[in-house]
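**Q** A structural model of the following input is requested.
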Amino acid sequence: MTILAAIDLSSTAESVLDSLPRLVNKNEAITLLHVAEPDPDFVGFDTGPNVVKEQLAQEFSEQKEQLEEYASRLRANGFHVETSQIRGAYAESIMRFADDLDARIIVLGNRRHGTLYDILVGSVAEAVIRNANQPVLLVPNNVE
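**A** Model prediction:
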């Protein structure tokens, strides 16, 4: 079985990474997933300046490097770690990936926004908790 840790590369990622060693059984793997912004062509940038597409491509590459750095830290401690970076709607992509992976549990960082934000926009964590087919563990952000 696999634990899916969906991380957003913010300070909450550190809290998630710190929690994983206590959650993983010896015979389990960890998959670190980062969901990036949708492909610029998909969201209508195809008629805009190339500089926007190039900037997003650069950010995607930098995010992939950060994801690999996180994986290397866990591997150095003896864990089997895979990484994946996909583009798409955050909550839906996490849940679909967890189903495809047959993950035992989804681990997410919990970054609180204000009440108004939660009412107007909602949160990825809330959507995953309400709709995932797997148990979901929220890890509080312990890094300031």
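
**Q** So what's the residue count around Gln58?
**A** When counting by other CB atoms under 10 Å, one arrives at 10 neighbours for Gln58. In short, each C-beta sits where N, CA and C put it, glycine included.

**Q** Just give me the longest helix of the protein.
**A** For the chain, the helix that runs over the most residues, judged by DSSP state H, is helix 50-76.

**Q** Please enumerate the helices of the chain.
**A** Using DSSP H, helices in the chain cover 11-23, 50-76, 90-101, 115-120, 124-131.

**Q** Go through the ones you listed and name the closest to His34.
**A** helix 50-76 (5.0 Å; CB to CB).

**Q** Which strands and helices lie in contact with the closest one?
**A** Contacts defined by 3 or more CB pairs under 8 Å, 6 or more residues apart in numbering; DSSP states H and E place helix 50-76 against helix 11-23, strand 29-36, strand 80-87.

**Q** Mind giving me the packing neighbours of the longest one?
**A** The one in question is helix 11-23. For helix 11-23, the elements it packs on are strand 2-6, helix 50-76, strand 105-110, strand 136-140, judged by 3+ CB pairs under 8 Å, 6+ apart.

**Q** Also the last one?
**A** Of the remaining helices and strands, those touching strand 80-87 by 3+ CB pairs under 8 Å, 6+ apart are strand 29-36, helix 50-76, helix 90-101.

**Q** Serialize these to CSV and add fields for distance to Val136 and mean pLDDT.
**A** Putting those into CSV (distance: least, CB to CB, whole Å; pLDDT from 0 to 100) gives the following:
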stretch, distance to Val136, mean pLDDT
strand 29-36, 13, 95
helix 50-76, 20, 88
helix 90-101, 9, 96
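
**Q** Let me have those in CSV, extended by distance to Ile3.
**A** Formatted as CSV, the helices and strands packed on strand 80-87 follow (distance: least, CB to CB, whole Å):
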stretch, distance to Ile3
strand 29-36, 5
helix 50-76, 11
helix 90-101, 10
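
**Q** if you compare those, which one is most tucked away?
**A** Most buried of these, by mean neighbour count (mean count of other CB atoms under 10 Å): strand 29-36, with a mean of 21.
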